[in-house]
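1. no sequence for this one, just the structure:
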Ligand code: ADP
């Protein structure tokens, strides 16, 4: 198992959120792009459609006007004589063709001449003033429609040309259709003759039949056809005169003759600048029985007004947004992975330190290896250097046996510059190697382990040292007690001899000094003995009824010589009859210690010893007028070896009050002090009359 940390890292790598966001955002961007692009194109098409429709309408209207002109001419000439060139010119002038229908090139009349009438017709026209006249092209045909009168509206000459309109296919088709329908007909595109040298231009004709008798069926019309009024046009003129240059700048126009795929009869110059793929629209235009196809294409000028940049802007915005979102997601994912890793790491370290806080080194280390092998690695080994040799604790895969180890971390266990052993973590072949963070974690684990091993060892050593000290104190004080006791007896003997007057005065005085010091020595040795007893919990109490007032009087009497030497007076207020269940020697020790401190720290000042009842307890008060104690030391002075005076001025171990407190507590009581520097000190001891409770005794 690669461990929880490793799987957290793998989860981070597996996090597909950024990829998913990338794909979704790109898809959304593509959709947005397509939608905006479509919208822009629809808008462009709408503009193109609008401009195209307007142009197509204008062309249609213009053509309709031409048709109307032909109809008007036909109406004018239908009943009367054949229109002469002058008639036609007059008509054009009358209706102001050039003003109202610019683009009409010529207005003409072609007369139907049947085959046999040809010679007579030619002769008649020649005699009427056109000596050169003859039907062209020559040759014998069934019928002819020579142009007998024609007015060119640009003023480039007039008169009959004799050109047979039926001799040419396009013209003939239009003439015959108009004859058969009795309507104005348009020709297909044809090349109009231009002035000499000029290029032929695509144009068309509109023609209308003139009958000998109006009405009747097709046969009657064919029989009664007399001739045709016709007008010719150039397509280029039609467009340029109809559509303003402004329109042609926005749309390029191509006109095809026919409903589809006919020959191109016009192409506007703006077609040159048109980009391939530009939107285009096709409009059919019906002209006197023929169909033209108008192909409009948007020019750059039209597209310039469009918002072509919009799709690209949307694309760019989408991509930017995608990048931003993906980065955010990546950050989020790596932050989440990092948080997971550090949570796992914190848990591992917390679990490890909880385990290691146990002073049971062996079981703690065993469980630590199990923890590490279960979370950070596949196997964990802790080796400790011990005076007896190397001690090993292992869990999971054994690093020594794991030949195919994928990765190994070995960290020395070092505490206070001493190498205690080594921590080894191993990952087997199937897992990946340790990364930097995991190696760092292994280091931390090793530090923690070393510290706890070191602490446990220090604790054991300290414990051992304390035990040795207590043993020594106990033995030493016992050993000291024996010679001291006999010394005390001897000194007491000397004192009694002196009282009997058996000892010379100088020796007696010296003996007295010796006695005092031996007593002091005995008290110090007692303190040491108590220290070892209390420290090792071997303080035995001998509980019995004790009369406190009586005991206090005894102690006070014992202090007489000392008080005199120190220049102190002792006043006592002793409530009689206070009998409690106590240990007589220990209570004696309490009073003695407090009085001796009062003498020691209050030399030259009066001392008061008082006894009172307080509920179920006896209250013992010892008050002196000595140096007093600063408030911050009030708690501390009851601790072992704690003192609030300097060694130089006052000797002592700092054990007296500690022993007193422990004795008072062992009797179920409390002790406290009230004092201020220079104001003396008052110690209050409260002892329950019932003695220590069963619990306290235990
Ligand atoms: P020792 O007297 O040997 O120093 P004790 O445990 O008896 O040890 O007292 C602890 C400390 O409390 C003393 O060192 C002293 O500073 C302070 N002390 C105790 N009794 C008095 C007192 N009556 N007046 C002033 N200081 C006192």
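-> Yep, that arrived. Just so we're clear, the structure is a prediction, and the values are computed from it rather than from any experiment.
2. From now on I want contacts and neighbour counts done on CA atoms only, so please keep to that.
-> Fine.
3. Just the pLDDT for residue 695.
-> pLDDT recorded at residue 695 is 52.
4. Which residue ranges of the stretch 451-600 of the chain form strands?
-> Using DSSP state E, counting those that start in this stretch, the strands of the stretch 451-600 of the chain run over 543-547, 570-574, 579-583.
5. residues of the helix or strand containing residue 172 that come out buried?
-> Here residue 172, judged by DSSP states H and E, is contained in helix 169-181. For helix 169-181, a neighbour-count test (16 or more other C-alpha atoms under 10 Å) marks 170, 171, 172, 173, 174, 175, 176, 177, 178, 179, 180 as buried.
6. Pick the one among these closest to residue 457.
-> residue 170 (123.6 Å; C-alpha to C-alpha).
7. Please name the residues that touch that closest one.
-> When contacts are counted by C-alpha atoms under 8 Å, 6 or more residues apart in numbering, residue 170 touches 187, 188, 189, 190.
8. Which neighbouring elements make contact with the helix of greatest length in the chain?
-> Secondary structure of the chain read by DSSP state H shows that its longest helix is helix 436-499. Using 3 or more C-alpha pairs under 8 Å, 6 or more residues apart in numbering; DSSP states H and E as the contact test, the elements touching helix 436-499 are helix 309-356, strand 407-415, strand 418-427, helix 505-535.
9. ok so, going back, what's the first helix or strand after the helix holding residue 172?
-> Helix 169-181 is succeeded, C-terminally, by strand 185-186 (DSSP H and E).
10. List the buried residues in the host helix or strand of residue 221.
-> Assigning secondary structure by DSSP H and E places residue 221 in helix 218-224. Residues 221, 224 are the ones in helix 218-224 that count as buried (16+ other C-alpha under 10 Å).
11. by contact count, what packs against that helix?
-> On a contact count with 3+ C-alpha pairs under 8 Å, 6+ apart, helix 218-224 meets helix 169-181.
12. in stretch 243-254, what counts as buried?
-> Buried, per 16+ other C-alpha under 10 Å, within stretch 243-254: 243, 248, 249, 250, 251, 252, 253, 254.
13. End to end on it, go ahead and measure it.
-> Taking C-alpha to C-alpha, to the nearest Å, stretch 243-254 runs 13 Å from one end to the other.
14. List of residues touching it?
-> Counting by C-alpha under 8 Å, 6+ apart, 48, 51-52, 55, 58-59, 264-271, 274, 294-302 sit against stretch 243-254.
15. With stretch 425-441 instead?
-> Contact partners of stretch 425-441, identified using C-alpha under 8 Å, 6+ apart, comprise 1-2, 345, 372-373, 376-381, 397-399, 402, 404-410, 442.
16. Need the distance between the two termini of that stretch.
-> First-to-last residue span, stretch 425-441, C-alpha to C-alpha: 11 Å.
17. Which positions in it come out as buried?
-> 425, 426, 427, 428, 431, 433, 434, 438, 439, 441.
18. Which of those residues scores worst on pLDDT?
-> Among the buried residues of stretch 425-441, residue 431 carries the lowest pLDDT, at 70.
19. Would you map the helices across the stretch 551-698 of the chain?
-> For the stretch 551-698 of the chain, helices defined by DSSP state H, counting those that start in this stretch occupy the ranges 584-601, 656-666, 694-697.
20. would you turn the ones you listed into TSV with distance to residue 569?
-> Converted to TSV, these look like this (distance: least, C-alpha to C-alpha, whole Å):
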stretch	distance to residue 569
helix 584-601	10
helix 656-666	22
helix 694-697	37
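21. where does this structure have low pLDDT?
-> Low-confidence segments of the chain, defined by pLDDT under 70: 1-15, 155-159, 193-199, 401-403, 405, 430, 694-698.
22. can you list the residues of it near the ligand?
-> 597-598, 601, 626-629, 637, 642-645, 652-658, 681 (C-alpha under 6 Å from any ligand atom).
23. Tell me the buried residues within these.
-> 597-598, 601, 626-629, 637, 642-643, 654-658, 681.
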